[in-house]
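Asks: Following is a predicted model, sequence given first.
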Amino acid sequence: MGLKDLLVYVDQSDRARVRLQLAIDLARRHDSTLTGLFVRTPNPEQLEKRKAAELGLASAGQVQRLDRDIEHSMDECARRLESELRRLGREHGLQVEWRSMQGPLAMIAPQQARYHDLCVLGHEAGPDRATSDYSFTEHMLFVTGRPVLLVPPGWAASHLGRHVAIAWNSSRAAARALSDAMALIERAERTTVLSINPAEFIERRGAPPVTQLLEHLQRHGARVDTLTLEPVPPAQIARTLQSKAAENGADVLVAGAFAHPRLWEKFFGGVTAELLDHTLMPLLMSH
């Protein structure tokens, strides 16, 4: 299955245009239709202003003016992003679509993502796991049933998917992510398989050696090599995966996510949680 129908979620953040440009690059190389999704929802700063106005006993008229300002800001942001999407589509000869929708973000975005091959999202990583609440990107990862590509705010590269790194430990989650990323891998200029602590994660399970995975990928036309990383302490696995992938020139890391983050923490040292909390490069994840 090719990446023929891509979705990029854009919002009022400064990084939305960067995600849009990265998604355009991906769509161009895969000859994909790209849909931009904008959900009309106030950003945290706007919500904080409205809350402050209510707590400060602002008049009804003042609150209404603030609401109008927020609506106007969302309108202007949507207009700029739609214009940018259509301009880039014309520039690269791509079919693009624009959807501006109203309603609960946590409901609309997953529903839209299920009708596309891949969803490109921004990802604000954060180490605070004092509560069981999921962030928006975590929610998308665990409820869409589709792979998601998370782009951290600090990522400066202008392309995605030219050099793919694969975090491989022979688990079900890793295999699912690999399958979901196959269309990306088949078009990549280079693919690197990162095998972390194979004696613990592969050999102990009686799984085939990594060389068998390389043969599988080569049958799909991948130009692939492998890098074995050991010994890596469990607490350092997520950072090591990303740092080594970046050092080798990869622009996206493919990684599986366990079905329940807390369970992953219990058995695997929190690799999924660490990847989400300390995202250093784009991650293609599925579960």
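Replies: Thanks, I have the structure now.

Asks: so where's the stretch 151-287 of the chain shaky on pLDDT?
Replies: 259-269 (pLDDT under 70).

Asks: Which stretches in it count as helices?
Replies: For the stretch 151-287 of the chain, helices defined by DSSP state H, counting those that start in this stretch occupy the ranges 172-180, 182-187, 198, 210-219, 237-247, 261-268, 271-277.

Asks: Highest mean neighbour count out of these?
Replies: The highest average neighbour count among those, using mean count of other C-beta atoms under 10 Å, belongs to helix 271-277 at a mean of 23. (C-beta placed from N, C-alpha, C; glycine too.)

Asks: coming back round to it: of all the helices of the stretch 151-287 of the chain, which one is nearest residue 83?
Replies: The minimum distance between residue 83 and the helices of the stretch 151-287 of the chain falls on helix 182-187, with 28.2 Å, by C-beta to C-beta.

Asks: what residues does the helix or strand harbouring residue 140 touch?
Replies: The secondary structure element spanning residue 140 is helix 136-143 (assigned by DSSP states H and E). Outside of helix 136-143, the residues within contact range by C-beta atoms under 8 Å, 6 or more residues apart in numbering are 105-106, 109-110, 113, 119, 121-124, 134, 148, 150, 257, 259, 261, 276, 285-287.

Asks: swap the cut-off to 7 Å and go again
Replies: With C-beta atoms under 7 Å, 6 or more residues apart in numbering as the test, helix 136-143 has contacts from 105-106, 109-110, 113, 119, 121, 123, 134, 148, 150, 257, 276, 285, 287.

Asks: what does stretch 59-76 give?
Replies: By C-beta under 7 Å, 6+ apart, the surrounding residues in contact with stretch 59-76 are 12, 40, 42, 46, 49-50, 53-54.

Asks: before we move on, the earlier item: just tell me which of the helices of the stretch 151-287 of the chain ends up closest to residue 30.
Replies: Distances from residue 30 to each of the helices of the stretch 151-287 of the chain were compared by C-beta to C-beta, and the smallest falls on helix 182-187, at 6.0 Å.

Asks: okay, the closest one in CSV with CA atoms only?
Replies: Output in CSV follows, covering the C-alpha atoms of helix 182-187 (Å, rounded to 0.1, in the frame of the first residue of the first chain):
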residue,chain,number,x,y,z
MET,A,182,6.7,0.0,4.5
ALA,A,183,5.5,2.5,1.9
LEU,A,184,7.8,5.1,3.4
ILE,A,185,10.7,2.6,3.4
GLU,A,186,10.2,1.5,-0.2
ARG,A,187,10.6,5.1,-1.4
